[in-house]
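**Student:** just coords:
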């Protein structure tokens, strides 16, 4: 039964089944539109991608490191600028999301990690809980990214 739970949890974190994975949502998102603001929306593609990366990294680090300190909330979870500083920063942040997601999946997949045991350094948080929070958070912001793409005229095709 635990193998089934791990498999389904990984699929949820990856954005499979009823969701679109981040890799598809960001695929061929033009760098020149990453910092473009759309009327009546607070976020740009860059601010959403940066926020997802920081929040996901925070969840991963909390799950791994008893000494981890989260960024200030909410300011530490959002970029200072609506535009990336460079195409390199944009690319590295996107790659960071993929790398950190892979690390979280590895934690979930490893049978040595009890999904339901509270972390000794937390206040009742478990790996299962952190994975569910990550999946929900990413799904929410991926939906925003998809809507933003549509408004910018670069919708996601064939997902």
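**Tutor:** Everything's here; your move. Since the model is a prediction, treat every value here as computed from it, not as a measurement.
**Student:** got the buried residues for the longest helix that the chain contains?
**Tutor:** Criterion DSSP state H: the longest helix present in the chain is helix 127-152. Within helix 127-152, the residues scored as buried using 16 or more other Cβ atoms under 10 Å are 127-131, 134-135, 138-139, 141-142, 144-146, 148-149, 152. (C-beta placed from N, C-alpha, C; glycine too.)
**Student:** go on, stretch 68-77?
**Tutor:** For stretch 68-77, the neighbour count (16+ other Cβ under 10 Å) marks residue 77 as buried.
**Student:** mind checking how far residue 53 is from residue 77?
**Tutor:** For residue 53, the distance to residue 77 (Cβ to Cβ, to the nearest Å) stands at 10 Å.
**Student:** try residue 34
**Tutor:** Taking Cβ to Cβ, one finds residue 34 at 18 Å from residue 77.
**Student:** then residue 95?
**Tutor:** Separation of residue 95 from residue 77 (Cβ to Cβ): 19 Å.
**Student:** quick one: the helices in this structure?
**Tutor:** Under DSSP H, the chain gives helices at 2-14, 22-26, 45-64, 87-109, 127-152.
**Student:** can you list the helices and strands that the second one packs against?
**Tutor:** In terms of contacts (3 or more Cβ pairs under 8 Å, 6 or more residues apart in numbering; DSSP states H and E), helix 22-26 is packed against helix 87-109, helix 127-152.
**Student:** of the ones you listed, which is nearest residue 10?
**Tutor:** Among these, helix 87-109 comes nearest to residue 10, with 5.4 Å by Cβ to Cβ.
**Student:** what are the buried residues along that closest one?
**Tutor:** Buried residues in helix 87-109, counted by 16+ other Cβ under 10 Å: 89, 90, 93, 94, 96, 97, 100, 101, 104, 105, 107, 108.
**Student:** ok, stretch 22-36 next?
**Tutor:** 22, 24, 25, 26, 29, 33, 34, 35.
**Student:** thinking again about what came up before, which one of the buried residues of helix 87-109 sits closest to residue 67?
**Tutor:** Nearest to residue 67 among the buried residues of helix 87-109 is residue 107, at 17.2 Å by Cβ to Cβ.
**Student:** now the closest one. Nearest residue, chain neighbours left out?
**Tutor:** Distances taken as Cβ to Cβ, 6 or more residues apart in numbering put residue 113 closest to residue 107, at 5.5 Å, once the chain neighbours are dropped.
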